[in-house]
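Enquirer: Need a 3D model of the sequence below.
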Amino acid sequence: MTIRIHNEPHSYWRKLPHIQPVNAPYFITYRLYKSIPKTVLLKLQQEKEDFERQLKRIKNNRERDILSWEFQRKYFKKYDDTLDAIKSSPLWLKNNNIARINAEAIHKRDTIGYDLYAYSIMPNHVHIVFNINDDHIQQGKKNSQYPVTSVLQFLKRETAIESNKIINRRGQFWERESYDHIVRNQTALVRVIKYTINNPVKAGFVERPEDWKWNYCKEDIRLW
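Expert: Next comes the predicted model:
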């Protein structure tokens with residue numbers, strides 16, 4: 001399977017007003033409300049701010065880009081390892097009915113909002129890999145500058161109300177923030193898809209990716 005890759009690598013936190021390019025695969029992680037303790041988030045945020053101060057002192061653009069990319073990779077690993085390690089609530093996605101609602105919403109948007117490559121629905125977060133191109137922007141009708149934001153708004157809105165009904169609660173279901181990462185090339189795309197479907201294995205829930213009920217990988221993507 002040949003996939004068009006955007007030629008400007010970039011990763012960011014969605015609260016920042018970055019343009020989100022089309023013809024690009026994205027690796028997205030979004031999580032349940034209050035799924036990471038505030039003290040842990042503050043520590044991660046402090047690390048990020050310390051690094052950004054160091055980065056500003058580097059004048060060479062290439063060196064700065066390489067260091068930034070490496071930091072983002074390490075930062076995300078800490079972030080995701082924290083989510084995998086948490087065994088206390090909220091773990092609402094462990095509920096099969098809630099997981100099913102989320103899986104159906106993700107598939108519902110396939111070929112309309114994006115080309116879906118893979119996802120894994122974990123107890124307190126979701127990994128998803130998809131590609132957005134010009135056709136999706138035209139079908140989406142609006143928010144062409146921020147297509148990823150539009151996709152996430154749809155997925156969260158589509159699932160939050162129905163999920164809350166199942167567990168008899170009201171209020172915020174998802175954290176507003178997400179981790180959004182543009183995939184740089186074909187090799188990186190294979191890597192993030194492997195990472196996505198192996199997340200339940202890494203977390204110790206199953207021995208093989210195919211044993212996790214809420215994993216999905218597009219059939220014509222060759223990973224091995």
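Enquirer: Could I get the contacting residues of the nearest residue in space to residue 20 that is not next to it in sequence?
Expert: What sits nearest to residue 20 in space, not counting adjacent residues and going by CB to CB, 6 or more residues apart in numbering, is residue 148, at 4.5 Å. No exception for glycine: its C-beta is placed from N, CA and C like everyone else's. Taking CB atoms under 8 Å, 6 or more residues apart in numbering, we find residue 148 in contact with 14, 20, 26, 28, 132, 180.
Enquirer: Quick check: residue 148 vs residue 31, distance?
Expert: 16 Å (CB to CB, to the nearest Å).
Enquirer: hang on, the earlier thing: show the average pLDDT along the host helix or strand of the residue nearest to residue 20.
Expert: Assigned by DSSP states H and E, residue 148 belongs to helix 147-166. Across helix 147-166, pLDDT averages out at 93.
Enquirer: mean confidence for the longest helix along the chain?
Expert: What stands out as the longest helix in the chain, according to DSSP state H, is helix 61-85. Across helix 61-85, the average pLDDT comes to 89.
Enquirer: Would you mind listing the outside residues contacting that helix?
Expert: Outside helix 61-85, the residues touching it (CB under 8 Å, 6+ apart) are 9, 11, 29, 31, 35-36, 40, 44, 47-48, 51, 55, 58, 122, 124-125, 179, 181, 199, 202-203.
Enquirer: mind listing what's buried in it?
Expert: By neighbour count on 16 or more other CB atoms under 10 Å, the buried set for helix 61-85 is 68, 71, 72, 75, 76, 79, 80, 82, 83, 84.
Enquirer: Which one of the residues you listed is nearest to residue 191?
Expert: residue 76 (12.3 Å; CB to CB).
Enquirer: and that closest one, how far is that from residue 27?
Expert: Here the criterion is CB to CB. By it, residue 76 lies 9 Å from residue 27.
Enquirer: For these two, list the residues in contact with both.
Expert: Shared contacts of residue 76 and residue 27, defined by CB under 8 Å, 6+ apart, are found at residue 181.
Enquirer: For this protein, which segments count as strands?
Expert: For the chain, the strands defined by DSSP state E occupy 11-13, 24-32, 115-121, 125-132, 174-182, 215-217.
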